[in-house]
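**Student:** Below is the sequence, then the predicted model.
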Amino acid sequence: MSTPLTDKIKNLIRASGPISVTDYFALCLADPEYGYYRSREPFGRHGDFITAPEISQLFGEMIGIFVVHAWQRHGSPAAVRLVEVGPGRGTMMADMLRVIKRIAPLLFEGLNVHLVETSERLRGVQRVTLEAYSTKVTWHDSFEDVPEGFTLIAANELFDAIPIRQFVKTPTGFRERLVGLNADGELTFAAGVATLDPDLLPSSTASAPDGTVFELAPARQAVMQTLCARLKTFGGTALIIDYGHMVTGFGDTLQAVRNHDFDPPLAHPGEADLTSHVDFEDLARIALSMGIHLNGGLRQGEFLYGLGLAERATALAKDKAPSEQRLIAAAVDRLAGEGAGKMGELFKVIAVSSPALNLMPFRPVD
């Protein structure tokens with residue numbers, strides 16, 4: 001079954017040749033007519049996937065606790081820009097603000113919330129979710145539009161939706177992976193002519209068989225540089241949580257999710273959410289190269305438990321009916337459970353700060 005965007009992409013390829021995975025990724029998510037984020041409600045029970053904040057209020061509450069801790073470690077500045085890039089339905093920010101208001105009223109008084117959101121439809125949802133805090137919230141099309149000043153940034157599942165480039169190993173070296181048409185006129189992957197600087201490849205390149213895929217994410221690197229430049233200029237901390245791996249390596253991680261199930265990435269362009277795993281080693285490298293302090297590398301489960309998830313869940317379950325207590329326990333397991341396929345292990349967390357600060361629950365860096 002082809003989608004309207006399938007036909008548009010096929011026509012584009014017929015007119016000017018195969019397109020890069022980057023361009024395909026970008027069209028699937030952001031095509032002005034048929035792009036996934038332009039045309040549908042991706043989040044929540046009726047969408048194609050459920051993000052951590054939608055599973056339980058506990059997730060946003062733990063992020064709120066982290067924000068308070070970072071603010072205190074920075075010396076409790078009076079004026080704070082609290083920024084979320086890609087705020088989804090606004091659920092995480094609402095849960096963060098509720099906790100901040102309760103445990104750090106001074107921070108709550110001094111902060112203004114800046115949401116970086118390009119979708120008018122999602123802004124509408126966020127306005128409703130954050131109605132109680134409407135006097136504090138401003139929306140921006142671009143991170144660069146956030147006013148100057150000390151900044152605390154939260155980015156949950158931001159980087160995995162930023163397009164990647166893919167290179168595939170051929171007998172003549174790594175070539176850029178493209179999306180073209182097969183003999184039947186259907187979308188297919190192909191190897192192009194563009195090559196890759198060998199210095200960018202992991203050291204195990206020689207033993208990788210033909211067909212091995214290596215992913216590079218210049219657009220993600222650019223976003224990370226922008227966040228770090230901001231922290232370097234005005235001071236602050238950015239917390240980054242995403243689906244990914246801690247060590248740069250080989251592998252095709254491009255994936256599509258449709259109706260809460262995996263879908264072949266070329267099957268339903270515009271009707272499936274397209275993502276790929278985030279290379280946290282690459283993001284960390286950029287922060288360090290810019291002189292920004294890295295608190296790094298925890299699995300989401302370790303991070304949440306380290307901030308007091310278990311204790312908060314116990315308090316939330318107190319005096320509740322057994323059925324509600326079971327729901328809370330299930331949410332904790334879903335968010336922080338370790339083991340194959342669980343968010344607690346699949347999702348990773350780093351924080352970057354300027355000036356250099358060691359932040360809980362990360363292990364101190366000398």
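**Tutor:** That came in fine, so what should we check first?

**Student:** alpha carbons only for contacts and neighbour counts from here, please
**Tutor:** Noted.

**Student:** can you map out the strands along the stretch 251-366 of the chain?
**Tutor:** In the stretch 251-366 of the chain, the segments counted as strands under DSSP state E, counting those that start in this stretch are 255-258, 261-263, 273-275, 278-279, 293-299, 347-354.

**Student:** so where is the stretch 201-350 of the chain shaky, pLDDT-wise?
**Tutor:** Confidence mapping of the stretch 201-350 of the chain against pLDDT under 70 gives the ranges 340.

**Student:** Which one, of the strands of the stretch 251-366 of the chain, ends up nearest to residue 148?
**Tutor:** Nearest of those to residue 148, taken as CA to CA: strand 347-354 at 14.9 Å.

**Student:** helices and strands around the closest one, which ones?
**Tutor:** Strand 347-354 sits against helix 218-234, strand 236-245, helix 280-289, strand 293-299, helix 300-306, with contacts defined as 3 or more CA pairs under 8 Å, 6 or more residues apart in numbering; DSSP states H and E.

**Student:** could you dump that strand to PDB, C-alpha only?
**Tutor:** Provided in PDB are the C-alpha atoms of strand 347-354 (Å, rounded to 0.1, in the frame of the first residue of the first chain):
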ATOM      1  CA  PHE A 347      17.300   4.700  27.000                       C
ATOM      2  CA  LYS A 348      20.500   6.500  28.000                       C
ATOM      3  CA  VAL A 349      21.100   9.800  29.900                       C
ATOM      4  CA  ILE A 350      23.900  12.400  29.900                       C
ATOM      5  CA  ALA A 351      24.000  15.900  31.300                       C
ATOM      6  CA  VAL A 352      26.400  18.600  30.200                       C
ATOM      7  CA  SER A 353      27.200  21.700  32.300                       C
ATOM      8  CA  SER A 354      29.100  25.000  32.200                       C
END
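
**Student:** That strand pairs with which strands, parallel or anti?
**Tutor:** strand 236-245 (antiparallel), strand 293-299 (antiparallel) (DSSP bridges).

**Student:** so can I have JSON lines of these showing mean neighbour count and distance to residue 353?
**Tutor:** Listed next are the strands paired with strand 347-354 as JSON lines, based on neighbours: other CA atoms under 10 Å; distance: least, CA to CA, whole Å:
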{"stretch": "strand 236-245", "mean neighbour count": "24", "distance to residue 353": "4"}
{"stretch": "strand 293-299", "mean neighbour count": "23", "distance to residue 353": "5"}
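
**Student:** Adding distance to residue 162, write the ones you listed out as CSV.
**Tutor:** Shown next, in CSV, are those (distance: least, CA to CA, whole Å):
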stretch, distance to residue 162
strand 236-245, 12
strand 293-299, 20
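
**Student:** Thank you, goodbye.
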